[in-house]
Each structure stands twice: as C-alpha cells, then as structure tokens.
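**Student:** Got a predicted model here, sequence first, then my questions.
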Amino acid sequence: MGMTGSAVQRVQYMLIATGYLSDGADGVFGSGTQTAVRRFQADHGLDADGVVGSQTMQALSNASGQQAPAEDSGYQRSLVMEATAYTADDPGNSGYTAGGHRLTRGLVSVDPNVIPLGTRLYIEGYGEAVADDTGGAIVGDRIDLGMDDRNEALNFGRRSVVVHIL
C-alpha cells in the first residue's frame, strides 16, 4: 500500500487486462488496487494478502499475457504509452517510415522528443522494435506499432503498453 511509480502501473495494467481492475492505471497502489490483487490471488489459488510478490507477479504475467521484466533486465527506462497499430497500406500513409524503410512489424512511430529515432525498444505484448517513424498524432506518451497487415492492426486496436528502452 502507498507505493507509486511505473512498477505499480505495470501491475495495474495486468489487472486491467485480466478484468480485475477497472479504475485505470494511475501508478498508485491504493485500496482499489489492493482489493483487485486480493481477488486475483483468491481466484488463482494464491495467499490473498494483497501483496504482489514473485508468485503473484508470475501468475499476473501468465494470465495477462504481459511479460514482467526482471529488476536487473538492463532496460534504460520503461514508459507506459498509449499504443495504436498501423500498416503500410493505411490511407494517407506513404508506406515508408521517416527513416526511409518500408513499414513492417517491428518498426514503430514515436514522438522523437520522448524517444529518439533509431532507439531499440522492447514493447510488452508486441516484441522488439526500432523507433523509425514519426506522425502528427504521435505526441507525448503515444506510440504507433507497425503491423504487417490490416487484420493484425485491427486485432491490436488501441491499448496501453509498457515500452522498455534498450
């Protein structure tokens, strides 16, 4: 209780993804988050103490499909960003990134004031990527993820993701 920061926010996004939290991910471990953790723990055969230890974190990671990075993962920093997906064939898109590459999965669009172009990333639920494009709607903590086809982009939709800067 009372912890704040990106690690708490990461747990909150996992709780949202599994349907245990609906209040949003504000990065503050308050009573709502603790109640959600207890419900998750009880439903998954864990000691329902409201503490996110290694067993709870592993169960949350498995249930949400989001990888929980180790503390010594070597990431420079991690950001929670609002993500959308796009393809080379989207209307108004030239099919090429600002870096001059044909848009494919693994190339992403960022605000270069937040993540410099050329930066290697690991995006939970997406995989490894390179910041290679910019866009008018990509301002602040937003990211567009390159996809290989329209169905893949539509299936991804819009969601919050944890972006690790390598």
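**Tutor:** Right, received. Where do you want to start?

**Student:** How is the chain divided into domains?
**Tutor:** The chain resolves into domains spanning 6-64, 77-165 when parsed by automatic domain parsing.

**Student:** now the ones you listed in CSV, with mean pLDDT and mean neighbour count?
**Tutor:** Any C-beta I mention is one placed from the backbone N, CA and C, and that applies to glycine too. Converted to CSV, those look like this (pLDDT from 0 to 100; neighbours: other CB atoms under 10 Å):
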stretch, mean pLDDT, mean neighbour count
domain 6-64, 87, 17
domain 77-165, 91, 17
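
**Student:** which strands and helices sit next to the host helix or strand of residue 14?
**Tutor:** Assigned by DSSP states H and E, residue 14 falls within helix 6-17. Packing contacts for helix 6-17, counted by 3 or more CB pairs under 8 Å, 6 or more residues apart in numbering; DSSP states H and E, involve helix 31-43, helix 54-64, strand 77-86, strand 158-165.

**Student:** Now render these as CSV, adding distance to residue 146.
**Tutor:** Shown next, in CSV, are these (distance: least, CB to CB, whole Å):
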stretch, distance to residue 146
helix 31-43, 33
helix 54-64, 23
strand 77-86, 7
strand 158-165, 14
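
**Student:** How about residue 139: what's its closest non-neighbour residue?
**Tutor:** Nearest-residue entry for residue 139: residue 111, 5.3 Å, with adjacent residues in sequence omitted and distances by CB to CB, 6 or more residues apart in numbering.

**Student:** Then residue 23?
**Tutor:** Leaving aside its sequence neighbours, residue 23 sits nearest to residue 32 (CB to CB, 6+ apart; 5.0 Å).

**Student:** That neighbour touches residue 20, doesn't it?
**Tutor:** No. Residue 32 is beyond contact range of residue 20, at 10.3 Å (criterion: CB atoms under 8 Å).
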